[in-house]
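> After the sequence you'll find the predicted model.
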Amino acid sequence: MRNPMRILRRQRERTPRQAARTVVLDQDGSVFLLRSDNVEVGVHWTSPGGGIEPGESPVEGARRELWEETGWTDLAPGPLLCTWEHDFTWHGIPVRQHEHIFLTVGPHRGPVGDVSSVHATDGILDWRWWTTADLADERADALWPPQLPSLLADVRARGWPGGGAPGSLPAFEPVDLGYVANGAGSSSGSSSREATDA
């Protein structure tokens, strides 16, 4: 008979992984997101990004991933929006990923150049711009992080996307969402924000 405690410990073992992303807003406040389907967490939408390579800072990793997944070499990550940790399976490896998510502003457009091989390798299935109404739709696919709609509502209230480059936009304090379990909704994000800001 199998030892249930050994099985439980095996299920809890995850490889730490550092990653970084860039949330891109257009001048109307819509956000560019990529659609993926993960074997552990299912279909979800997230901003361009991925694992940080050895020797990279989070902002350097976010910029490289943004360029690789969109071809938008004219954009760069701006201020830090949030950090969070979550679990998923990356190329067959169960990981606990710690992410830095940055914010920037860019034109309303699709990916530039041929990014199909990068998308195939990273399991990216589609892309689209989400309006505030899209983000508020309870029938929509899951978002990474789930608190993204409330985070973006906060920065919009502070004057984003404004009318210029990230350096000229209003400052705000980044939010540490902590660990967010799979399936957690935006309500858990509210408690994380309250705990962080307290």
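Structure received. Residues are numbered from 1 along each chain as shown.
> same for the lengthiest strand in the chain, what does it pack against?
Determined from DSSP state E, the single longest strand within the chain is strand 93-105. Counting contacts by 3 or more C-beta pairs under 8 Å, 6 or more residues apart in numbering; DSSP states H and E, strand 93-105 packs against strand 15-25, helix 58-70, strand 80-90. C-beta coordinates here come from the backbone N, C-alpha and C atoms, glycine included.
> Mind listing what's buried along the longest one?
Pointing back at helix 58-70 there. 58-59, 61-70 (16 or more other C-beta atoms under 10 Å).
> same question, the first one
With burial defined by 16+ other C-beta under 10 Å, the residues of strand 15-25 counted as buried are 17, 19-25.
> quick one: it to helix 58-70, angle?
70 degrees (axes from the mean of the first three to the mean of the last three C-alpha atoms, to 10 degrees).
> that older thread, include distance to W127 when you put the helices and strands packed on strand 93-105 into CSV, please.
Shown next, in CSV, are the helices and strands packed on strand 93-105 (distance: least, C-beta to C-beta, whole Å):
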stretch, distance to W127
strand 15-25, 11
helix 58-70, 8
strand 80-90, 19
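> what are the phi and psi angles of L34?
Backbone geometry at L34, expressed as degrees, to the nearest 10, gives phi -110, psi 140.
> Quickly list what it is bridged to.
On the basis of DSSP bridges, L34 is bridged to T46, W127.
> what are the bridge partners for E85, then?
H98, Y179.
> Can you give me the pLDDT of it?
pLDDT, E85: 98.
> residues near it, how many?
Using other C-beta atoms under 10 Å, E85 has 17 neighbouring residues.
> Surely it is in contact with R96?
Yes - E85 lies in contact with R96 (C-beta atoms under 8 Å); the separation is 6.0 Å.
> returning to what we had before: out of the helices and strands packed on strand 93-105, which gets nearest to P161?
strand 15-25 (4.4 Å; C-beta to C-beta).
> which SS class is A153?
With DSSP: H, G, I helix; E, B strand; the rest coil as the basis, the three-state label of A153 is helix.
> For it, give me the pLDDT.
For A153, pLDDT reads 94.
> go on, S191?
The per-residue pLDDT of S191 was computed as 34.
> T70 too?
97.
> check contacts around it.
Neighbour list for T70: 24, 32, 48, 111-112, 115 [criterion: C-beta atoms under 8 Å, 6 or more residues apart in numbering].
> and which of those is nearest G183?
When these are compared for distance to G183 (C-beta to C-beta), P48 comes out closest, at 23.7 Å.
> List the contacts of the closest residue to G159 other than its chain neighbours.
Distances taken as C-beta to C-beta, 6 or more residues apart in numbering put P170 closest to G159, at 4.1 Å, once the chain neighbours are dropped. Applying C-beta under 8 Å, 6+ apart to P170 gives the contacts 158-160, 162.
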